[in-house]
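S.K.: using only what follows, build the 3D model:
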Amino acid sequence: MKQAIDNIQKKADTKQCGSSENPPRPRGKIRRVCGRIKRAILFILRGTKTDGFFVTLKKLANIVFFFMSRVRLSVVIAVYNQEKYLDDCLSSIVAQNFGRLEIICVDDGSTDRSSDMLREWQRRDGRINVITQKNAGAGAARNNGLMHAKGRFILFLDSDDFFAPNMFSAMTKRALETNADITLCHSYQLDASSGDISYNRGAVNDEFLPRKDVFCYKDFPDKILNFCIGWAWDKLYKRKFVMKKELRFQPLRTTNDAFFVFTSLVKASAIAVEREALVTHRFNIPESLAATRELSWQCFYKALIAVRDELKKMGVFREVEQSYVNWAVNFTIWNYITLAEPVKSQLHDLLKNSYFAELGLLGRDASYFHNNNQYNKEFMDKIIASPIAVLSETE
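M.R.: Okay, the predicted model is just below:
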């Protein structure tokens, strides 16, 4: 497994440019000059009537200001009992070829060696800021980190993943070129049990994407909630966008990022995708919260309801209803299939008697569901028609 990880790191190293050393902090005079340059460029923009020229100069203004002034990227990492993987995570972050960086680690009441490890990392690297809180879950920890962030852009990363050395520079460059509120990247997945690494094909579904460089929900309202997964670790956000739209993570034990991610996709004016795979995401970790969802198995339903209610509050639910229904049936069936007894039987009865109806999943024609979702539609029909004992024999 170590050899596979090294190969990914070497592949990323060949693509990066620039030094991994932190650039010196620009002096006040230089920052003032940068500000004048940006204002001059923006003044030119107001006088032009050519859309293509306008867009080109606006990109130039953003890039010039970004690379010549002290603009930070804030990285927020929620940490809970990750002594096994924390060093891998932080090593890949401090080695980034991106200097204007603050690393906010929120210790969510860890009971293993994670707290001591974080303090040691903070001592070794001044960019790391450790915040300690009583255990409240990853959602609350990310919200806490967000309140301390100062960067123009922000990433919410998982403490058991690791990242290509050029991830931060590649994603911020893409965000600046496109002026995107949200920038996604592709990823690899690492099976923690077997050590196998593969391309994460389900993270971003290119087939659903509009045929344009920058897009928003209006370009594909029937698929806006289906082209990517509702986790936050492969998405770069403008912090100003997050604060203006009052985006926050739900305080749930699991599925705490779905509300933040899916509502942000509909609220964003511009979304872009970086085609390079820049994250290696660990899964199948026996001690992870995802592996113990039986302790919080109703969290997925709370997330689905919260997203639906927010879309209705925004007045856009009817526009994106087909996308929501497809996501809801897919997410519901996945949660059902991956649960163990006895809570699986409890969920079966709730789905059959109330959840499916409350989520608006019943009475839809087969054509309403995307081609890759037909299996889940058929499985939903089986749950409605069959008692749990019979269904378990045919799964």
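S.K.: any idea which residue sits dead centre in this structure?
M.R.: Most central in the chain under C-alpha atoms, centre = their mean is residue 232, positioned 1.6 Å from the mean C-alpha point.
S.K.: now name the helix or strand holding the residue nearest to that residue when sequence neighbours are not counted.
M.R.: The shortest distance from residue 232 to any non-neighbouring residue, by C-beta to C-beta, 6 or more residues apart in numbering, is to residue 156 (4.2 Å). No exception for glycine: its C-beta is placed from N, CA and C like everyone else's. Assigned by DSSP states H and E, residue 156 belongs to strand 153-158.
S.K.: helices or strands next to whichever helix or strand comes after that strand in the packing?
M.R.: Sequence order places strand 162-163 as the next helix or strand after strand 153-158, per DSSP H and E. Secondary-structure packing of strand 162-163 (3 or more C-beta pairs under 8 Å, 6 or more residues apart in numbering; DSSP states H and E): helix 86-94, strand 271-283.
S.K.: check the residue nearest to residue 232 and give its pLDDT.
M.R.: pLDDT, the model's per-residue confidence, is 98 for residue 156.
S.K.: which residues does it bridge with?
M.R.: Beta-bridge pairing of residue 156, defined through DSSP bridges, involves residue 76.
S.K.: mind listing what it touches?
M.R.: If you count contacts by C-beta atoms under 8 Å, 6 or more residues apart in numbering, residue 156 has them with 76, 77, 78, 142, 145, 232, 233, 235, 237, 257.
S.K.: let me see the residues that make contact with the helix or strand where the third one lies.
M.R.: Going back to what we said before, that points to residue 78. Secondary structure assigned from DSSP H and E places residue 78 in strand 73-79. Contacts of strand 73-79 with the rest of the structure, by C-beta under 8 Å, 6+ apart, involve 86, 89-90, 93, 98, 100-108, 110, 114, 118, 138, 141-142, 145-146, 149-159, 168, 172, 239.
S.K.: CA atoms only: put it into PDB for me.
M.R.: Taking C-alpha atoms only, strand 73-79 is exported to PDB below (Å, rounded to 0.1, in the frame of the first residue of the first chain):
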ATOM      1  CA  LEU A  73      -6.300  29.700   1.500                       C
ATOM      2  CA  SER A  74      -7.900  28.300   4.700                       C
ATOM      3  CA  VAL A  75      -7.900  24.600   5.200                       C
ATOM      4  CA  VAL A  76     -10.300  23.300   7.900                       C
ATOM      5  CA  ILE A  77      -9.800  19.700   9.200                       C
ATOM      6  CA  ALA A  78     -12.100  18.100  11.700                       C
ATOM      7  CA  VAL A  79     -10.100  15.600  13.800                       C
END
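S.K.: just the C-alphas of the longest helix seen in the chain, formatted as CSV.
M.R.: Secondary structure of the chain read by DSSP state H shows that its longest helix is helix 317-338. The C-alpha coordinates for helix 317-338 follow below in CSV (Å, rounded to 0.1, in the frame of the first residue of the first chain):
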residue,chain,number,x,y,z
PHE,A,317,-37.7,23.2,-5.4
ARG,A,318,-40.0,22.7,-8.4
GLU,A,319,-37.1,23.5,-10.7
VAL,A,320,-34.8,20.9,-9.2
GLU,A,321,-37.4,18.4,-8.0
GLN,A,322,-36.5,15.7,-10.4
SER,A,323,-32.9,15.9,-9.4
TYR,A,324,-33.8,15.9,-5.7
VAL,A,325,-36.1,12.8,-6.1
ASN,A,326,-33.3,10.9,-8.0
TRP,A,327,-30.8,11.8,-5.3
ALA,A,328,-33.2,10.9,-2.5
VAL,A,329,-34.1,7.5,-3.8
ASN,A,330,-30.4,6.7,-4.5
PHE,A,331,-29.3,7.9,-1.1
THR,A,332,-32.1,6.1,0.7
ILE,A,333,-31.6,2.8,-0.9
TRP,A,334,-27.8,3.0,-0.4
ASN,A,335,-28.4,3.6,3.3
TYR,A,336,-30.9,0.7,3.5
ILE,A,337,-28.7,-1.8,1.8
THR,A,338,-25.6,-1.0,3.8
